[in-house]
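# could you look at this predicted model? Sequence included:
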Amino acid sequence: MKRHDGLVARYLDQLERDLDDAGTQWGGPLETLYFGGGTPSHLTDAELTHLMNAVQRHFDLGNAQEVTLEADPGTFDAERAEWFKNLGITRLSVGVQSTQSRPLATLGRTHTPEGALAAIGFAQAAGLDVNADLMTAVPHQDARLDAETLVATGVHHLSVYTLTIEPDTPFALRGMTVAEDRAQADDRAVREVLHEAGFERYEVSNWAKPGAEAVHNRRYWTGDAYLGLGPSAASLLPGGRHGVRQTVPTIKGWLAGETPETQPRSAQDAQFEALMTGLRTREGVDLAALEAATGASLPGFWEARLNEDQQAGRILREGSIVRATDAGLDLLNALLERYVP
């Protein structure tokens, strides 16, 4: 990856200022910390050290349950994996995407299948928890083989995403498409492999051996407060009756010093967001608890929608708890649109 050192320096300087500002208001012990939303392993050791020091000026990681770094397989070897651990990283999310050459070339990834598998081994040998990212529905890919190969490495966590072609992206301009039947076939194949290997789908895109679920991301799905820093980062902060949403500007505005946008959540916002994130997870959402927590009745039209989706096999209802079935998870975006206030 080509670096633009001037931009990297500006980025890190602004991020450090944001950390100082956030630390003044929110500093204290952290339960989890996640370096991602780019590929921070492309930073140099000195840059990562400086960034970690900036975090620790205001936030205590002494009792943190999890500190995650997103990593490109081509950016570390055995020695650097050990260095990550000494820096304070406990979990590495490795962007494998595929263990086959042609799909990697299609995705524009520069690492090789051998390099990706070696990277997983380096992280495991260093004693880091490892998550492997797998992309499905990629041209020339055997998704079942990818899943089998990653399971064989001994990783305990996989994040599985279907390739999505957004308008006006390089993939779209090349005429790439993803057929729905192909995406569904890949999903079934991966699901079969992971079920057989003892993995559980605890969130729509995340699979883990029991006890190996990611701690950090569960905060998003369970409605807990979290702080996001950096361009386009989102936060859910304490404040008001139902919390405050904060969104950082995109990188151009952020580097220019534009302030984040803040908006208090209404009871209706909190209810829909809880449904949206809860249906992503194995636990689902407790509607009675949600109504009590927000102090407001749920939208009247939800009951009819819930009955329809239950009859169609898209959700399961157990008392006041609602969960998405596998069929519902496969169509999650369309399912959730039915509940937009």
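Nice, I can see it. Numbers count the residues shown, from 1 in each chain.

# care to break this structure down by domain?
What automatic domain parsing lists as the domains of the chain is 5-218, 225-265, 267-341.

# pipe the ones you listed into a markdown table and attach mean pLDDT per row.
Shown next, in a markdown table, are the domains of the chain (pLDDT from 0 to 100):
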| stretch | mean pLDDT |
| --- | --- |
| domain 5-218 | 95 |
| domain 225-265 | 96 |
| domain 267-341 | 95 |
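
# and these as CSV, adding mean neighbour count?
Placement of C-beta: from N, CA and C, glycine included. Shown next, in CSV, are the domains of the chain (neighbours: other CB atoms under 10 Å):
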stretch, mean neighbour count
domain 5-218, 17
domain 225-265, 15
domain 267-341, 16
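
# residues touching the spatially most central residue of the chain, list them.
Centroid-nearest residue in the chain, with CA atoms, centre = their mean: residue 217, separated by 6.2 Å. By CB atoms under 8 Å, 6 or more residues apart in numbering, the contact set of residue 217 is 34, 203, 206.

# ok, and what's touching whichever helix in the chain runs longest?
The longest helix of the chain (DSSP state H) is helix 5-26. Outside helix 5-26, the residues within contact range by CB under 8 Å, 6+ apart are 43, 47, 50-51, 54-55, 57-59, 227, 229-230, 237, 251, 254-255, 257.

# could the C-alpha coordinates of it be exported in PDB?
Taking C-alpha atoms only, helix 5-26 is exported to PDB below (Å, rounded to 0.1, in the frame of the first residue of the first chain):
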ATOM      1  CA  ASP A   5       3.300  10.400   4.800                       C
ATOM      2  CA  GLY A   6       2.100  14.000   5.000                       C
ATOM      3  CA  LEU A   7      -1.500  12.900   5.200                       C
ATOM      4  CA  VAL A   8      -0.700  10.200   7.800                       C
ATOM      5  CA  ALA A   9       1.000  12.800  10.000                       C
ATOM      6  CA  ARG A  10      -2.000  15.200   9.700                       C
ATOM      7  CA  TYR A  11      -4.300  12.300  10.500                       C
ATOM      8  CA  LEU A  12      -2.500  11.300  13.600                       C
ATOM      9  CA  ASP A  13      -2.100  14.800  14.800                       C
ATOM     10  CA  GLN A  14      -5.800  15.400  14.600                       C
ATOM     11  CA  LEU A  15      -6.600  12.100  16.200                       C
ATOM     12  CA  GLU A  16      -4.300  13.000  19.100                       C
ATOM     13  CA  ARG A  17      -6.100  16.300  19.600                       C
ATOM     14  CA  ASP A  18      -9.400  14.400  19.600                       C
ATOM     15  CA  LEU A  19      -8.100  12.000  22.100                       C
ATOM     16  CA  ASP A  20      -7.000  14.900  24.400                       C
ATOM     17  CA  ASP A  21     -10.400  16.600  24.100                       C
ATOM     18  CA  ALA A  22     -12.300  13.300  24.700                       C
ATOM     19  CA  GLY A  23     -10.100  12.400  27.600                       C
ATOM     20  CA  THR A  24     -10.900  15.700  29.300                       C
ATOM     21  CA  GLN A  25     -14.600  14.800  29.200                       C
ATOM     22  CA  TRP A  26     -14.700  11.000  29.200                       C
END
